[in-house]
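Participant: A predicted structure for the sequence below; I have some questions about it.
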Amino acid sequence: MLLAGALLVLTFPDANLEFLAWFGLVPGLVLIVRSPTAREGGIRAWWLGAGYLIAALYWLAPEIGPAVLLVAAVVGVLWVPFGVAAWKLLRPPVSWPQALAALVVVPSCWLLTEWLRSWQALGGPWAVYGVSQWQHPAVLALAAVGGVWLISIALVLANVAIVLVIGSLPRLGTVLRSGPAPSAGAARAASPGPGSATLRPGLALLGVIAGVASVGAGPLAFALTPASHAVRQVTIAMVQPGIINNTVQRVDASERLTAEFSRSGRLGGVKPDLIVWGESSTAVDLTLAKNRVQLLAMEKLSIQDGADLLVNQDTTVPGKGQEKVGVLVSPAGIEGEYIKTRLVPFGEYIPFRQQLGWLTKISKAAAANMIPGTGAHLLYATDRTGKPLPIGVLICFESAFPDMSRVDTDKGAQLIVYQSETSTFQSTWGPDQHASLGAVRAAETGRPVVQAALTGDTVAYDARGRVLAWMGQSAHGVVTVRLGLPAASARTIYDRFGDYVPWSAVGVTLLAVLVMFANSRGFPGRNAGIRGKYEAQYVAGQSVPR
């Protein structure tokens, strides 16, 4: 089960075998269905989830050590309902009500897991299954309808449909029916029953229809939900200086690259409306009088290039603690700030530090908790024509959270900007996984998304999530991109209705639990009398209870 879960990480960058997501869950589902009991099916799903998380977060191990295993063990338990639902509804012989329920309940239980672990205290929504389709705008169109959650539903639905087809074919169906020798009671409960080894064309057809529907839903949504009309064009420049550990040299490198815009040469003639630096691009507090020289240098760059400069300071506030702050600098000085709100678990704070603080002794986990901001809000840059440019500024890990970019969109942002710094995880799959998130956020909000990284990856996506620019981990320089921005009032379906898909999954899961509970209690009289060809059986030597 660990291997079956780990297999799914190949659908994400850097492997990018995204097609695997449409059937990669089948081996895990088969192993769950082969379980002798529902309890065992739930435990197997727990191992599946743990393997999935360990593989997706392997690149954190040098920094947080055994906390990776701790996170996998704790969060993996959220997959238990998924395993129980799969065992209950997909174990042969599958009735028509079970088959129809499986197509709704099993994907809902998977989505419930993803939504629950999106709570920051449980690590945040990293490696959500739907993100695996970031390179396919036709599939990403589902995100504009129901967020990344709807893509996950489509993917899991396709896998469930394949398992239904397998169970409907006599030879393949034995794969699901065979399993470890269960106890006598469990064997009677899980016995396939008469005729289960025969071809069931109706069930196979249902699985095929469900699979085709899940694959075709994205292209259909792409055709029916065109992108909002662009009302303005802007040029964004993103500066990536590369791996520079010295904080003074890091600022110098960013300033040197930015200054090339005002000189002749390969960047000559480019007239940006906004210049974006990566996360932690300066280590001084630009609001303090003692750092006035640094601020003046940035103001001068803004004057030379005729564009506002969005930098990011990593500083310690006296009496408070460390903060990550996006600072918008214009020729006139600081125009606005945004403080990072969603912090990286273990990297920037330790959840339940009183109980888990010992991790700092055996890993590079955060020695002290950073200070979070108060939430998403807009900054207003000024473009080259003098018009205000409302931008939603978010920092690094916050690109994993759909609600933050949606809040910025609701407030009127025409562009979503992420500032990132992933030097700790260079040469791993982490930075590429991180960069892929911007495509999904763009599709969800109908807004172009750019991410400027101190060290790779620096990327840009249009309003449908299509890649416009990508500067990898080993590169350094400046990336410029021309973007068409929608009206501030433009909204996708997901913008308007929010997380209705995961809330629906919660409702479906709760209803399934109630039905299962009612059936276990024989309510309302479903177990009374003789059903079908089954007759009452008595065990010799035992009395019949009164």
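Facilitator: Cool, got the structure.
Participant: just the element for R232, please.
Facilitator: Assigned by DSSP states H and E, R232 falls within strand 230-240.
Participant: average pLDDT across that strand?
Facilitator: Averaging pLDDT along strand 230-240 gives 95.
Participant: now it: buried residues?
Facilitator: The neighbour-count check on strand 230-240 (16 or more other CB atoms under 10 Å) flags A230, V234, T235, I236, A237, M238, V239, Q240 as buried. Every residue, glycine included, has its C-beta placed from N, CA and C.
Participant: so in the chain, where's the weakest helix or strand by average pLDDT?
Facilitator: Across the helices and strands of the chain, mean confidence by mean pLDDT, DSSP states H and E is lowest for helix 184-190: a mean of 44.
Participant: now do the strands in the stretch 201-350 of the chain.
Facilitator: Secondary structure of the stretch 201-350 of the chain by DSSP state E, counting those that start in this stretch: the strands cover 230-240, 274-276, 308-317, 321-330, 333-339.
Participant: what does the chain give?
Facilitator: 230-240, 274-276, 308-317, 321-330, 333-339, 378-382, 388-395, 415-420, 449-453, 458-461, 467-471, 477-486 (DSSP state E).
Participant: so which of those gets nearest L57?
Facilitator: strand 415-420 (17.3 Å; CB to CB).
Participant: what pairs with that closest one, and is each one parallel or antiparallel?
Facilitator: Pairing partners of strand 415-420, with direction, according to DSSP bridges: strand 388-395 (parallel), strand 449-453 (parallel).
Participant: most tightly surrounded among these?
Facilitator: strand 449-453 (a mean of 29; mean count of other CB atoms under 10 Å).
Participant: if we can go back for a sec, ranking the strands of the stretch 201-350 of the chain by burial, who's on top?
Facilitator: strand 274-276 (a mean of 28).
Participant: and that strand, what does it pack onto?
Facilitator: For strand 274-276, the elements it packs on are strand 230-240, helix 292-305, strand 308-317, strand 415-420, judged by 3 or more CB pairs under 8 Å, 6 or more residues apart in numbering; DSSP states H and E.
Participant: can you rerun that using 6 Å?
Facilitator: Under the contact definition 3 or more CB pairs under 6 Å, 6 or more residues apart in numbering; DSSP states H and E, strand 274-276 sits against strand 230-240, strand 308-317.
Participant: now do that strand, average pLDDT.
Facilitator: 96.
Participant: contacting residues for L257?
Facilitator: V239, V478 (CB atoms under 6 Å, 6 or more residues apart in numbering).
Participant: just the C-alphas of stretch 97-117, formatted as PDB.
Facilitator: The C-alpha coordinates for stretch 97-117 follow below in PDB (Å, rounded to 0.1, in the frame of the first residue of the first chain):
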ATOM      1  CA  PRO A  97     -27.200   0.700  -6.200                       C
ATOM      2  CA  GLN A  98     -23.700   0.000  -5.000                       C
ATOM      3  CA  ALA A  99     -22.200   0.800  -8.300                       C
ATOM      4  CA  LEU A 100     -24.000   4.100  -8.600                       C
ATOM      5  CA  ALA A 101     -23.200   5.000  -5.000                       C
ATOM      6  CA  ALA A 102     -19.500   4.100  -5.500                       C
ATOM      7  CA  LEU A 103     -19.200   6.600  -8.400                       C
ATOM      8  CA  VAL A 104     -20.400   9.400  -6.000                       C
ATOM      9  CA  VAL A 105     -19.300   8.300  -2.500                       C
ATOM     10  CA  VAL A 106     -15.700   7.000  -3.100                       C
ATOM     11  CA  PRO A 107     -14.600  10.200  -4.900                       C
ATOM     12  CA  SER A 108     -16.300  12.300  -2.200                       C
ATOM     13  CA  CYS A 109     -14.400  10.500   0.500                       C
ATOM     14  CA  TRP A 110     -11.100  11.100  -1.300                       C
ATOM     15  CA  LEU A 111     -11.900  14.800  -1.700                       C
ATOM     16  CA  LEU A 112     -12.900  15.000   2.000                       C
ATOM     17  CA  THR A 113      -9.400  13.900   2.800                       C
ATOM     18  CA  GLU A 114      -7.800  16.500   0.600                       C
ATOM     19  CA  TRP A 115     -10.000  19.300   2.000                       C
ATOM     20  CA  LEU A 116      -9.500  18.400   5.600                       C
ATOM     21  CA  ARG A 117      -5.700  18.200   5.300                       C
END
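Participant: list the buried residues of it.
Facilitator: Buried residues in stretch 97-117, defined by neighbour count with 16+ other CB under 10 Å: 98-99, 101-115, 117.
Participant: and stretch 280-288, by the same measure?
Facilitator: S280, S281, T282, A283, V284, D285, L286, T287.
Participant: ok, longest helix in the protein?
Facilitator: Looking across the chain with DSSP state H, the single longest helix is helix 201-224.
Participant: that one - contacts with which helices or strands?
Facilitator: Helix 201-224 packs on helix 96-116, helix 137-146, helix 148-168, going by 3+ CB pairs under 6 Å, 6+ apart.
Participant: tell me which of the ones you listed sits nearest to Y500.
Facilitator: helix 137-146 (7.0 Å).
Participant: contacting residues around the closest one?
Facilitator: By CB under 6 Å, 6+ apart, the residues outside helix 137-146 that reach it are 133, 150-151, 218-219, 221-222, 225, 440, 443-444, 464-466, 492-494, 501.
Participant: same question, stretch 98-109
Facilitator: With CB under 6 Å, 6+ apart as the test, stretch 98-109 has contacts from 81-82, 85-86, 89-90, 153, 156-157, 160, 164, 203, 206, 210, 505, 508-509, 512.
Participant: quick one: the helices in the stretch 401-546 of the chain, in order.
Facilitator: Remark: helices assigned in the stretch 401-546 of the chain by DSSP state H, counting those that start in this stretch are 402-410, 430-445, 493-497, 500-520.
Participant: which residues of the stretch 251-400 of the chain score low on pLDDT?
Facilitator: 261-269 (pLDDT under 70).
Participant: how close does the nearest residue to D383 once chain neighbours are set aside sit to G498?
Facilitator: Distance criterion CB to CB, 6 or more residues apart in numbering; nearest residue to D383, sequence neighbours excluded, is D273 at 4.0 Å. When distance is defined by CB to CB, to the nearest Å, D273 is 30 Å away from G498.
Participant: the more surrounded of the two?
Facilitator: D273 (24 against 16; other CB atoms under 10 Å).
Participant: how close does that one get to T458?
Facilitator: For D273, the distance to T458 - CB to CB - is 17 Å.
Participant: repeat for A518
Facilitator: Distance from A518 to T458, by CB to CB: 55 Å.
Participant: mind putting the strands of the stretch 201-350 of the chain in JSON lines, distance to G357 included?
Facilitator: Listed next are the strands of the stretch 201-350 of the chain as JSON lines, based on distance: least, CB to CB, whole Å:
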{"stretch": "strand 230-240", "distance to G357": "35"}
{"stretch": "strand 274-276", "distance to G357": "36"}
{"stretch": "strand 308-317", "distance to G357": "20"}
{"stretch": "strand 321-330", "distance to G357": "16"}
{"stretch": "strand 333-339", "distance to G357": "24"}
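Participant: looking at these, which is nearest to L122?
Facilitator: Closest among the strands of the stretch 201-350 of the chain, using CB to CB: strand 321-330, at 21.5 Å.
Participant: out of the strands of the chain, nearest to L169?
Facilitator: strand 467-471 (40.0 Å).
Participant: the closest one to helix 137-146, inter-axis angle?
Facilitator: Strand 467-471 and helix 137-146 are oriented at 110 degrees to each other (axes from the mean of the first three to the mean of the last three CA atoms, to 10 degrees).
Participant: how about strand 467-471 as CSV, C-alpha atoms only?
Facilitator: This file holds the C-alpha atoms of strand 467-471, laid out as CSV (Å, rounded to 0.1, in the frame of the first residue of the first chain):
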residue,chain,number,x,y,z
VAL,A,467,2.4,28.5,-19.3
LEU,A,468,3.8,31.7,-20.7
ALA,A,469,7.2,31.7,-19.2
TRP,A,470,9.4,29.4,-17.1
MET,A,471,12.9,30.0,-15.7
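Participant: who does that strand pair with, and is each partner parallel or antiparallel?
Facilitator: Strand pairing for strand 467-471, determined by DSSP bridges: strand 458-461 (antiparallel).
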